[in-house]
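1. what follows is a predicted structure for the sequence shown.
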Amino acid sequence: MMEKPSLKTRWIARRNAVFASSRFQYWAARIPFISSVARNRATQMFDHLVGFSYSQVLRASVDSGLLDLLADGPVGADHIADRIDISHDAAIRLLRAARALDLAEEAFEDGWMLGQQGAVLQADPGTQAMIRHHHLLYEDLADPMALLRRDRKEPTALSRYWSYAGALHGAAERGEETQDYSELMAASQRFVADEVIGAFSFPKNGRLLDVGGGHGEFLRRVGAAYPEIELGLFDLPEVANAAREPLGRDVGQARLTCHPGNFFEDQVPQGYDIVSLVRILHDHDDEPAMALLRNIRASLAPGGRLLLAEPMAGIPGVEPMGDAFFGLYLWAMGSGRPRTPREISEMMQAAGFTRTRTVATAQPVIASCIVAFA
Ligand SMILES: C[S@@+](CC[C@H](N)C(=O)[O-])C[C@H]1O[C@@H](n2cnc3c(N)ncnc32)[C@H](O)[C@@H]1O
């Protein structure tokens, strides 16, 4: 055992011994005030314990079209059973499970409608796309220790998906999943863009280059919020070329430049005031991530800025999203890791940026932001 005793380690060991005692648990559940803390902790542990089952209720609700049926509600269980092709009893079981997660609500006896969470999810194709996509991670996590022991040396369901999508390194074996994957990213981009636009003021007449910008959903939204800003999109040739026409139609061809290229091989285009990097850095291990940051730094003149937005690790209140979700997701994907704002800032400074600033977002579970100054 590692020997570094301190007041803190002694306190943690003592606390853990108390928490593990069944006598303590018995009394904690019965003493006023402490009992509510104990109940919350027990519920939290239970949610961790069975979270995989909750996820599958979400998946069944999305896959079956249940949410769309409830949106037209109130509807009866027989109607639902008929439409989603399961028995009456199975429909009741699913509806009650969905009700427990606030996806469904029984407004009157056998009159089913969307619950509050259900209304949000039904209106959100991005989260629905993520729910469908997660069957790959679910497959990879069936034996988590086997996944960890393989040490990213063998393909996984997620790594195959991402390399066929060509989304990580511009893999040659790009397949038809590229389109599927681009739609997945675009569908979830709306929320990320809203977070960034709500938190950061772009220069009204500036020039913005989105590196790894996919089909341009982020630029579409920034372009709508800032009608004067000039827009550049840098992505792999298949992606940037496919984006040119539809994106130009939406934002105006005259203010758009598409730059096809590979950010590990080609120079990031110069002449922009701001470069954005949205949901890119966490996909890459430290060495390529540093190479990308250096490439961006080299493209910026003094006064230029890099705006980085992605879900990060160690954000107070949403720690599980960073390390328990993205940590395992990116492990299974075979590339990248979630980083804390401090780690990202240190990498930015090592890449030659003079200083960095974190920008608070309203929903860090969706994205956090850091600005680096050239
Ligand atoms: C995770 S997606 C993020 C897309 C977009 N920024 C978003 O948040 O929706 C990664 C993007 O980086 C692009 N990309 C991956 N490797 C690249 C490379 N080597 N050079 C240029 N673009 C690359 C992919 O084509 C894809 O559009």
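-> Noted; the coordinates are in hand. Numbering: from 1, shown residues only.
2. residue of this structure closest to the ligand, please.
-> Taking Cβ to the nearest ligand atom, the ligand has its nearest neighbour within the chain at residue 212, 3.1 Å off. Glycine gets a C-beta too; all of them are placed from N, C-alpha and C.
3. show the contacting residues for that residue.
-> Contacts for residue 212 (Cβ atoms under 8 Å, 6 or more residues apart in numbering) come out as 234-235, 263, 277-280.
4. restricted to helices, list the residues you listed.
-> Residues of the contacts of residue 212 located in helices (DSSP state H): none.
5. which among those gets closest to residue 87?
-> Ranked by distance to residue 87 (Cβ to Cβ), the contacts of residue 212 are led by residue 279 at 41.4 Å.
6. isn't the closest one up against residue 191?
-> No: with contact defined as Cβ atoms under 8 Å, residue 279 does not reach residue 191; the gap is 11.1 Å.
7. re earlier: and the gap between the residue of the chain closest to the ligand and residue 233?
-> The spacing between residue 212 and residue 233, counted by Cβ to Cβ, to the nearest Å, is 9 Å.
8. go on, residue 56?
-> 37 Å.
9. with residue 340 instead?
-> Distance from residue 340 to residue 233, counting by Cβ to Cβ: 29 Å.
10. the more surrounded of the two?
-> Legend: neighbour count by other Cβ atoms under 10 Å for residue 340 and residue 233, higher for residue 233 (27 against 15).
11. joint contacts of residue 279 and residue 191?
-> residue 367.
12. returning to what we had before: just checking, which of the contacts of residue 212 belong to strands?
-> Using DSSP state E, the members of the contacts of residue 212 that fall in strands are 234-235, 277-278.
13. lowest-confidence one in these?
-> On pLDDT alone, residue 235 ranks lowest of the ones in strands among the contacts of residue 212, at 94.
14. report the beta-bridge partners for it.
-> Counting by DSSP bridges, residue 235 is bridged to residue 260.
15. quick one: the strands in the chain, in order.
-> For the chain, the strands defined by DSSP E cover 104-108, 111-114, 207-211, 230-235, 256-260, 274-278, 305-310, 355-359, 368-373.
16. what's the fifth one packed up against?
-> Based on contacts counted as 3 or more Cβ pairs under 8 Å, 6 or more residues apart in numbering; DSSP states H and E, the elements that strand 256-260 packs against are strand 230-235, helix 237-251.
17. buried ones in the longest one?
-> Okay, so that is helix 237-251. Within helix 237-251, the residues that count as buried by 16 or more other Cβ atoms under 10 Å are 239-240, 242-244, 247-248, 251.
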